[in-house]
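Undergrad: Next input, structure requested:
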Amino acid sequence: MKLLICIAASFLLLACSAYRSAIPDEPVPLPQQFAAQQSMSDEANLPWWETIKDPQLARLLKEVHLGSPSLKAAWARLKQNLALEVVAGARLRPFVNLNAQAGRESVSSGATAQAGNRYGLSLAAGYELDLWNRLQAGTMAAQLDAEASADDLRAIFLALSARAADLYFLALEQSAQLRLTEETLLALKQTMELVTERYEAGLVSALDLFQARQSLATFRATRPTLELNLSKTLHALALLAGQAPGELELDLQVNLPESLPTLPPAVPADLLEQRPDLRAAFSRLKAQDHRIAQAIAERLPAINLLATFGRTHSNASVGGVTATVWSLLAEATAPLIDGGRRRAEVLRSRARFEEVLADYQATVLGAVKDVEDALVSAKGTAELMGLLDEQRRAAMDTYEIAFERYTQGLIDYLPVLSSYSALLGTRSQLLSARRQLISDRIALARALGGGWMPDPLARKDDARQGLEL
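TA: Numbering: from 1, shown residues only. You can find the predicted model right below:
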């Protein structure tokens, strides 16, 4: 008896000190502000793509949100985790089963034998006392997995929105580049006509004519590549929206926006609340913390309460027998020898926690890097646009002077061709830089977590429909 009391006391002491959370108070120290912090003003609480004020972009993103296979798959994963949450929670509640039996039996006694039918109907109920919070820990882990899955869906929603917007503006830039090429080809055709007239009049050499033809042929050769790249961009957009290539309808004559709205202010600590991928990573860290507690509790005794109540009837004997049966049972089991399986599971759970903690720390630091990269890129692109605009104005002045002097017969055609090529190159670079600035702003919105975007789980109850009674 004393030995049993000592064993029970040791289990109680072990349970009281079984596990304390291993999550550090500050898993990842964060700086007070971003190193490349720019001035940001608080815009209206609109989805960030609506602040660009492009109705076609808003319509496109709606199609992406409704038709994306990635979002549909994320919804399905969320429903799976919500179902697992219900399964885990059910272990905390009693169960009741209905048992029915029907059979035929024979009883022999010496030279006589009696055969008859036997029927039974009973209810069986059971309940496990969660003394060491093993079941509660598993339930909490399942709940946190479901929360992580919900934030995974939000992260995919944000990533898809950013990717679709980026591709949309890339398509607009490629379309503008095509229009610039058509404008260039028209101008070069007119110039070649002028050069041809001057050549036929004996005012210029054949070299000018050949240079004009070469320039026209060169720019014609750029058009197929631009058209190919535009087609691929539109195909990628259609895929994001869950459509076949060619089904997506867009007006590509829309110009790139000249100015972009600023984004809400933020500090690194805000990312922990705003970025769904960080919230998902932290939920998984807490879930694994609970799984360590669950694994430790698996090494402790379990107590189950069982009860049955029912009626049986047998007519194997003369007149038949009907009886009421019931039972109450308290069952205690304690692991003694398992080959080290439960201990190894605890060690595995702790090692898994260390892995998830390291992944979370890397994810947080990567998020800060994403913001810093977007801030630096946006600043550099804005400076580049200013320099390119100065270069464009200088190239325009150079071309106008060169063309005027050529028509006066003061210079040959090569300076005109060189200055015009420089002007076109600068205009093309300005288009690319303007689109890159938009891309940088989209990247910044995504890196900050899109805390001002609509929640795709605003109707989260839809995902739980049919899972709970």
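Undergrad: Residue 149 and residue 172, how far apart?
TA: Between residue 149 and residue 172 the computed distance is 35 Å (Cβ to Cβ, to the nearest Å). In this view, the C-beta of every residue, glycine as well, is placed from N, C-alpha and C.
Undergrad: neighbour count winner among these two?
TA: Comparing residue 149 with residue 172 by other Cβ atoms under 10 Å, the one with more neighbours is residue 172, at 27 against 23.
Undergrad: looking at this, that one is in a helix?
TA: Yes: checked against DSSP: H, G, I helix; E, B strand; the rest coil, residue 172 lies within a helix.
Undergrad: Which residue, neighbours along the chain excluded, lies closest to it?
TA: Nearest residue to residue 172 in three dimensions, chain neighbours excluded: residue 256, at 5.5 Å (Cβ to Cβ, 6 or more residues apart in numbering).
Undergrad: For residue 97, which residues are in contact?
TA: 123, 124, 125 (Cβ atoms under 8 Å, 6 or more residues apart in numbering).
Undergrad: Give me the three-state assignment for it.
TA: Strictly by three-state DSSP, residue 97 counts as strand.
Undergrad: which residues does it form a beta bridge with?
TA: residue 124 (DSSP bridges).
Undergrad: And it, how far from residue 121?
TA: In this view, residue 97 and residue 121 are 12 Å apart by Cβ to Cβ.
Undergrad: Likewise for residue 382?
TA: 80 Å.
Undergrad: do residue 93 as well
TA: The value you get for residue 93 to residue 121, if Cβ to Cβ is used, is 24 Å.
Undergrad: With neighbour numbers in mind, choose between those two.
TA: Comparing residue 93 with residue 121 by other Cβ under 10 Å, the one with more neighbours is residue 121, at 14 against 10.
Undergrad: Counting neighbours, show which residues of whichever helix or strand residue 233 is part of come out buried.
TA: Per DSSP states H and E: residue 233 is located in helix 206-240. For helix 206-240, the neighbour count (16 or more other Cβ atoms under 10 Å) marks 208-209, 211-212, 215-216, 219, 226, 229-230, 233-234, 236-240 as buried.
Undergrad: Just list what it packs against, helices and strands only.
TA: In this structure, helix 206-240 packs against helix 134-200, helix 413-448, with contacts taken as 3 or more Cβ pairs under 8 Å, 6 or more residues apart in numbering; DSSP states H and E.
Undergrad: Adding mean pLDDT and distance to residue 115 as columns, could you present the ones you listed in CSV?
TA: Listed next are the helices and strands packed on helix 206-240 as CSV, based on pLDDT from 0 to 100; distance: least, Cβ to Cβ, whole Å:
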stretch, mean pLDDT, distance to residue 115
helix 134-200, 89, 47
helix 413-448, 87, 78
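Undergrad: TSV please, covering those helices and showing distance to residue 104.
TA: As requested, the helices and strands packed on helix 206-240 are exported to TSV (distance: least, Cβ to Cβ, whole Å):
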stretch	distance to residue 104
helix 134-200	42
helix 413-448	71
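Undergrad: so for stretch 380-387, what's the average pLDDT?
TA: For stretch 380-387, mean pLDDT is 90.
Undergrad: nope, stretch 201-211 is what I was after
TA: The average pLDDT within stretch 201-211 is 80.
Undergrad: now the end-to-end length of that stretch.
TA: 17 Å (Cα to Cα, to the nearest Å).
Undergrad: next one: it to chain centre, how far?
TA: Once both centres are worked out by Cα atoms, centre = their mean, to the nearest Å, stretch 201-211 turns out to sit 61 Å from its chain's centre.
Undergrad: which outside residues touch it?
TA: Residues from elsewhere that reach stretch 201-211, judged by Cβ under 8 Å, 6+ apart: 192, 195, 196, 198, 199, 409, 412, 413, 414, 417.
Undergrad: how about low-confidence regions in the stretch 251-400 of the chain?
TA: The stretch 251-400 of the chain contains residues with pLDDT under 70 at 261-265, 316-320.
Undergrad: how many other residues sit next to residue 309?
TA: Neighbours of residue 309 (other Cβ under 10 Å): 14.
Undergrad: how deep is residue 297 tucked in, by neighbour count?
TA: Residue 297: 25 neighbours (other Cβ under 10 Å).
Undergrad: Now the phi/psi pair for it, please.
TA: Note on residue 297: backbone dihedrals following degrees, to the nearest 10 are phi -70, psi -20.
Undergrad: quick one, strands of the stretch 301-450 of the chain?
TA: Secondary structure of the stretch 301-450 of the chain (DSSP state E, counting those that start in this stretch): strands at 302-314, 321-333.
Undergrad: Can you add distance to residue 427 and give these back as CSV?
TA: Conversion of these to CSV gives the following (distance: least, Cβ to Cβ, whole Å):
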stretch, distance to residue 427
strand 302-314, 76
strand 321-333, 80
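Undergrad: Checking residue 120 next. Helix, strand or coil?
TA: From three-state DSSP, the assignment for residue 120 is strand.
Undergrad: hang on, it packs against residue 321?
TA: No: under the criterion of Cβ atoms under 8 Å, residue 120 makes no contact with residue 321, lying 11.9 Å away.
Undergrad: Comparing the two, which residue is more hemmed in?
TA: A direct count of neighbours by other Cβ under 10 Å for residue 120 and residue 321 places residue 120 higher, at 16 against 13.
Undergrad: How about the contacts made by that one?
TA: 99, 100, 101, 102, 310, 311, 312, 313.
Undergrad: Please repeat the previous calculation with a cut-off of 6 Å.
TA: With contacts defined as Cβ atoms under 6 Å, 6 or more residues apart in numbering, residue 120 is in contact with 101, 312.
Undergrad: Next one, pLDDT for it please.
TA: Per-residue pLDDT puts residue 120 at 86.
Undergrad: who's it bridged to?
TA: Beta-bridge partners, per DSSP bridges, of residue 120: residue 101, residue 312.
Undergrad: Report the separation between it and residue 326.
TA: Residue 120 sits 13 Å away from residue 326, taking Cβ to Cβ as the criterion.
Undergrad: same thing with residue 310?
TA: Residue 310 sits 7 Å away from residue 326 when distances are taken as Cβ to Cβ.
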